[in-house]
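[1] quick one, fold the following:
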Amino acid sequence: MNKAKRLAKKPLYRIYESRILKFLDRDRLPRHIGVIHDGHRRYARAEGLPDYAASYREGMRKFVEFLGWADELEIHAVTCWLLSTENLSRPAEELEPYYDVLIDLFDSIPERIQGHDVAVRFVGSLDLLPQRLSDAAKRLTASCAEGNRHLTIALAYGGRQEIVDAARELVGNLADEGMPAEEIADHIDANTLGSYMYTADLPDPDLVIRTSGETRLSGFLLWQAAYAEFSFVDVYWPEFRRVDFLRALRDFTHSTRRYGK
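    Alright, predicted model coming up:
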């Protein structure tokens, strides 16, 4: 949809948003939402932007907007996947501008969420990132260390690697406790292994949202999202609107959760 059409529809969307909010069952909202922010490069091509950096900036502005929407509804925890381990194999001319945008984003977040009782942390293999980006992540974590609600940013993250890391740490701890190798397997079960996942102190995500029309997780929170509901939204992340978010929440509140087949 071109810009003129989007502007023309804004008043209609605001009316629609108000209607959804009016009938939204706040008692059934998800406690933990995962978000896959997909479609920056396709958005840049579709909109004829001069480069991917312009799309990344649009996407990170949308990220800040999204935090406001989640704050408005007092969502307890949000986990956002901003960079996968697979993304790290992209050409430097694509990655370096994205790193710059992320650093600007991380440096701006403390001011934007000040007074909103939100703690921020990162999960993933930050050691694979350029020093300037990992330093920005550490600054943000230090500035926003305390809060009853949680923003987790998955950076250089892969779900398979998370499970591998959890298994290695669990086995290593059992070995450090002096457990014989032949007995270690008997002390590994789903609950124990789950306690070593990156977000073990948070409730598992109730809802996972992915933009850009892709209908797969691509490794996002593989362990934790086993019983999550999914919302696959057709728009690219920079185009994601508050009404899209509210519709995903509305559909979630109307769903019947099943923790099995």
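
[2] every contact and neighbour count from this point should use C-alpha atoms.
    OK.

[3] what residue ranges in the stretch 101-250 of the chain score low on pLDDT?
    Within the stretch 101-250 of the chain, no stretch has pLDDT under 70.

[4] where exactly do the strands run in it?
    118-123, 149-157, 207-210, 229-232 (DSSP state E, counting those that start in this stretch).

[5] isn't P205 up against L222?
    No - between P205 and L222 there is no contact under CA atoms under 8 Å: 10.6 Å.

[6] more neighbours: which of the two?
    P205 (23 against 14; other CA atoms under 10 Å).

[7] distance of that one relative to A225?
    Between P205 and A225 the computed distance is 6 Å (CA to CA, to the nearest Å).

[8] contacting residues for E239?
    K62 (CA atoms under 8 Å, 6 or more residues apart in numbering).

[9] ignore what I typed, I meant S55.
    Counting by CA under 8 Å, 6+ apart, S55 touches 40-41, 43-44, 49, 238.

[10] could you confirm it falls within a strand?
    No - applying DSSP: H, G, I helix; E, B strand; the rest coil, one finds S55 to be helix, outside a strand.

[11] the residue nearest to the spatial centre of the chain is in what secondary structure piece?
    Central residue of the chain (CA atoms, centre = their mean): C80, 1.3 Å from the mean position. Using DSSP states H and E, C80 falls within strand 77-84.

[12] neighbours around S18, how many?
    Count around S18 with other CA under 10 Å applied: 13.

[13] what of A154?
    Residues near A154, counting by other CA under 10 Å, number 24.

[14] could you check how far it is from E162?
    Using CA to CA, A154 is found at 11 Å from E162.

[15] which neighbours do these two share?
    With CA under 8 Å, 6+ apart as the test, A154 and E162 both reach G124.

[16] surely Y56 and H40 touch.
    Yes - at 6.2 Å, Y56 counts as touching H40 under the criterion of CA under 8 Å.

[17] re earlier: just give me the closest of the contacts of S55 to W69.
    Using CA to CA, P238 is the member of those that lies nearest W69, at 14.9 Å.

[18] tell me who's in contact with the closest one.
    With CA under 8 Å, 6+ apart, P238 has these contacts: 39-40, 43, 55, 58-60, 62.

[19] thinking again about what came up before, could the strands of the stretch 101-250 of the chain go into TSV alongside distance to L217?
    Shown next, in TSV, are these (distance: least, CA to CA, whole Å):
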stretch	distance to L217
strand 118-123	17
strand 149-157	13
strand 207-210	8
strand 229-232	9
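
[20] of all those, which one is nearest D100?
    Comparing the strands of the stretch 101-250 of the chain by CA to CA, strand 149-157 comes nearest, at 14.1 Å.

[21] for that closest one, list the C-alpha coordinates in CSV.
    This file holds the C-alpha atoms of strand 149-157, laid out as CSV (Å, rounded to 0.1, in the frame of the first residue of the first chain):
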residue,chain,number,x,y,z
ARG,A,149,8.1,-5.9,33.6
HIS,A,150,10.7,-7.3,31.2
LEU,A,151,12.0,-6.5,27.7
THR,A,152,14.3,-9.2,26.4
ILE,A,153,16.2,-8.5,23.2
ALA,A,154,17.4,-11.6,21.2
LEU,A,155,20.6,-10.6,19.5
ALA,A,156,22.9,-13.0,17.5
TYR,A,157,20.3,-15.5,18.7
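
[22] please compute how far that strand lies from its chain's middle.
    Taking CA atoms, centre = their mean, to the nearest Å, one finds the center of strand 149-157 at 6 Å from the center of the full chain.

[23] next: stretch 252-261.
    Relative to its chain's centre, stretch 252-261 lies at 21 Å (CA atoms, centre = their mean).

[24] can you count the residues close to R31?
    18.

[25] skip the chain neighbours and tell me the closest residue to it.
    Nearest-residue entry for R31: H76, 5.1 Å, with adjacent residues in sequence omitted and distances by CA to CA, 6 or more residues apart in numbering.
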